[in-house]
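In: below are the sequence and a predicted model for it; my questions follow.
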Amino acid sequence: MIESDNFTILDNKTIGRNLALFRKLREKKAIEVAEYIGIGEAAYTKYERGEAKITIEIIQKVAELLKIDPLQMLSVKPGTFVENVTNSSIAIQENSIFQTTNDQQTQLMLKLIENVVAMNERLVTLLEKKEEE
């Protein structure tokens, strides 16, 4: 995870760790997840290890299978997680109460995440180029 004063970029290792965490919480095997999303087990485990670029589509499919909010895949920090025992959509904010979300809100949040991920990828590319100079 790359942090600055204004933003946090979730790297593939962090998201992969979250994929593995939620898969294990739901007592699913890697092969089950891989088959559900239509790839081989070896390819899927590369996502969990952070060795392959994780797309929003992969996150959405895994979240669908595991019956969790896809935002949790992106927002859970290593060492902390919230198990949603009711399997309903939940938005979690620090120092606040639980708020349920509807499908429209979820779709808007996913679009926002896609935009943030794209922006973060561009920022990482720019930072890497700057380091090379």
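Out: Yep, that arrived.

In: going forward, measure contacts between C-alpha atoms and count neighbours the same way
Out: Noted.

In: now residue 47. Nearest residue, chain neighbours left out?
Out: Spatial nearest neighbour of residue 47, chain neighbours left out: residue 16 (5.5 Å); criterion: Cα to Cα, 6 or more residues apart in numbering.

In: with residue 59 instead?
Out: residue 70 is the one closest to residue 59 (Cα to Cα, 6+ apart), at 6.3 Å.

In: still on that earlier bit, pretty sure the residue nearest to residue 47 is touching residue 48, no?
Out: Yes - using Cα atoms under 8 Å, residue 16 makes contact with residue 48 at a distance of 3.8 Å.

In: tell me which of the two has more neighbours.
Out: residue 16 (25 against 22; other Cα atoms under 10 Å).

In: packing partners of the helix or strand hosting the more buried one?
Out: Assigned by DSSP states H and E, residue 16 falls within helix 12-25. Here helix 12-25 touches helix 41-48, helix 56-66, helix 70-75, going by 3 or more Cα pairs under 8 Å, 6 or more residues apart in numbering; DSSP states H and E.

In: what angle do the helix or strand that that helix is followed by and helix 41-48 make?
Out: Next helix or strand after helix 12-25 toward the C-terminus (DSSP H and E): helix 30-37. Calculated by axes from the mean of the first three to the mean of the last three Cα atoms, to 10 degrees, helix 30-37 forms an angle of 100 degrees with helix 41-48.
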